[in-house]
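S.K.: could you work out the structure for the sequence below:
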Amino acid sequence: MKIVVIGGTGLIGGKLVSMLAEQGHDAVAASPGTGVNAVTGEGLAEALAGASTVVDVSNAPSYEPQAVMEFFQTATRNLLDAEATAGVHHHVALSVVGTERMPDNGYFAAKVAQERLIEKSPVPYSIVHATQFYEFVRGIADAATVDGEVHIAPVRFQPIAGEEVAQAVGRVALGPPLRGRVEVGGPDQVWMDEFFREALAAWGDPREVVTDRQARYFGSVPGELTLVPGPGAILGKIRYRDWLPHNPAR
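M.R.: Residues are numbered from 1 along each chain as shown. Got it, this is the predicted structure:
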């Protein structure tokens, strides 16, 4: 089966392409670096020729609200149009748990817009909602730092290893279109402030974690259950404390 992975050289895409290739599939890593640009349309027709499935795990180069909205809307429209022309049978998109629960978050709003375009397209689809990746935990702490203190809201948090996100996306891609969504999260649901307190201690990071009910998560204040999946979610098995020693650079 030919499967084109948009964003196939990135964090999740690279893992996914390797997994699919090991299973004997013709997995194509499509990104600007390989001559395929979903925003401009460059190389799309050639990459999608003969493809059965397209998996979009691409990400915007900027998180500025207008820029990220333009990226996801333009890239998704171009992809869906090219897929319809090429006769692609299944469009799979990676999105984020809680997109619909934070309307004032620019990135989440852009992902909601992307999903609406997918739902309206004639191409059969599946959408995978994932929680935050372990690989992004340090970036979350840095973004939450104010005057040397890490301000974190006391809300539920359920991060997951990028490897297990790629595995879940791969399973969905190899199955029939869901015409709906599936959620993926880590094995443990914890309080976010407590998680970061333990994580910084494990890193040997001297910053203090401050429990702050008004702390913003990339621009908006999350509710208690905003960032965690609901019942029936697919759960990973790798715990952060077991993942960290093998990924010290993260």
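S.K.: from now on I want contacts and neighbour counts done on CA atoms only, so please keep to that.
M.R.: Noted.
S.K.: identify all contacting residues around the helix ranked longest in the chain.
M.R.: Longest helix in the chain, counting residues (DSSP state H): helix 65-86. Contacts to helix 65-86, defined as CA atoms under 8 Å, 6 or more residues apart in numbering, come from residues 38-41, 44-45, 48-51, 54, 60-62, 106-107, 109-111, 113-114, 117-118, 121-123.
S.K.: gap between the nearest residue to N59 once chain neighbours are set aside and A202?
M.R.: With sequence-adjacent residues excluded and distances taken as CA to CA, 6 or more residues apart in numbering, N59 is closest to G7, at 7.2 Å. According to CA to CA, to the nearest Å, G7 and A202 sit 31 Å apart.
S.K.: who's more crowded, these two?
M.R.: Between G7 and A202, G7 has the larger neighbour count (other CA atoms under 10 Å), namely 25 against 12.
S.K.: give the contact list for that one.
M.R.: Counting by CA under 8 Å, 6+ apart, G7 has contacts 13, 29-31, 56-59.
S.K.: ok, which pair from those is furthest apart?
M.R.: For the contacts of G7, the farthest-apart pair by CA to CA is A29 and N59; their separation is 14.2 Å.
S.K.: output the host helix or strand of I140 as PDB, nothing but the C-alphas.
M.R.: Taking DSSP states H and E as the definition, I140 sits inside helix 137-143. The C-alpha trace of helix 137-143 is given here as PDB (Å, rounded to 0.1, in the frame of the first residue of the first chain):
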ATOM      1  CA  VAL A 137       7.300  18.900  28.000                       C
ATOM      2  CA  ARG A 138      10.400  21.000  28.400                       C
ATOM      3  CA  GLY A 139       9.000  23.500  25.900                       C
ATOM      4  CA  ILE A 140       5.800  23.700  27.900                       C
ATOM      5  CA  ALA A 141       7.700  24.500  31.000                       C
ATOM      6  CA  ASP A 142       9.800  27.200  29.200                       C
ATOM      7  CA  ALA A 143       6.600  28.800  27.800                       C
END
